[in-house]
Each structure stands twice: as structure tokens, then as C-alpha cells.
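[1] Below are the sequence and a predicted model; questions follow.
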Amino acid sequence: MSIDKKLREQRVRHTIIDGEEYFYVEDIRNNQNFLITDLSQVIYQGATALIKAKFVHELTLFDKLMKQTLNIKQDKEKED
């Protein structure tokens with residue numbers, strides 16, 4: 001399944017600009033399953049940050065576990 005279909009399946013908001021589909025950066029950042037791989041490709045429609053699906057990567061199980069581990073470590077450091 002293509003990444004754009006997966007993003008839509010996860011209910012990431014999207015819009016069409018000049019015939020091309022863009023996804024809301026805010027929704028992608030809030031979703032634990034995806035990562036934006038090239039922030040230089042973010043465009044702004046007013047105050048809304050948007051990006052094409054080809055610059056979004058679906059995280060593997062390993063990626064998710066590493067992200068969770070790093071977040072736990074950062075939380076512990078903040079407590080100290």
C-alpha cells in the first residue's frame with residue numbers, strides 16, 4: 001500500500017493544491033507511525049504547514065521501539 005493511502009487510512013488531513021496532494025504536517029507529527037524525512041519540502045498555505053507524501057516515511061517496529069526508548073530516557077532526564 002502506498003504511503004499516501006496509509007496516511008489517509010490514519011485520518012491524516014490532506015488537501016489538493018495545483019492538482020497535487022499535500023498532508024498536514026501537524027497531523028503527521030502527532031501520529032506515532034510516521035516521520036517526515038525532509039523538512040525543507042514543507043510548504044505553507046497561510047499558517048498551515050503541508051508536505052507531499054513522498055517526503056514522509058512509515059516507521060518500522062524497530063523505529064517505534066527506538067523512539068519510545070529515547071522518549072522514556074528523555075523523560076527520566078527531565079525528572080532528575
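    Thanks, I have the structure now. Residues are numbered from 1 along each chain as shown.
[2] in this protein, which spans are helices?
    Here the chain has its helices, by DSSP state H, at 3-9, 25-30, 61-79.
[3] So which of those is nearest A49?
    A49 lies closest, by Cβ to Cβ, to one member of the helices of the chain: helix 25-30, at 3.8 Å. In short, each C-beta sits where N, CA and C put it, glycine included.
[4] With adjacent residues omitted, what lies nearest to the residue nearest the centre of the chain?
    Residue closest to the mean C-alpha point of the chain, counted by Cα atoms, centre = their mean, is I28 at 3.0 Å. Of all residues not flanking I28 in the chain, F34 sits nearest, at 5.1 Å (Cβ to Cβ, 6 or more residues apart in numbering).
[5] pLDDT score assigned to the one you found?
    For F34, the pLDDT comes out at 91.
[6] That one against V56, yeah?
    Yes. Counting by Cβ atoms under 8 Å, V56 is a contact partner of F34 at 5.4 Å.
[7] list the residues that contact both of these two?
    Each of L7, I28 lies in contact with both F34 and V56 under the rule Cβ atoms under 8 Å, 6 or more residues apart in numbering.
[8] so where's the protein uncertain?
    Residues of the chain that meet the criterion pLDDT under 70 lie in 73-80.
[9] coming back round to it: mind putting the helices of the chain into CSV with distance to L50?
    Output for the helices of the chain, formatted as CSV (distance: least, Cβ to Cβ, whole Å):
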stretch, distance to L50
helix 3-9, 12
helix 25-30, 6
helix 61-79, 23
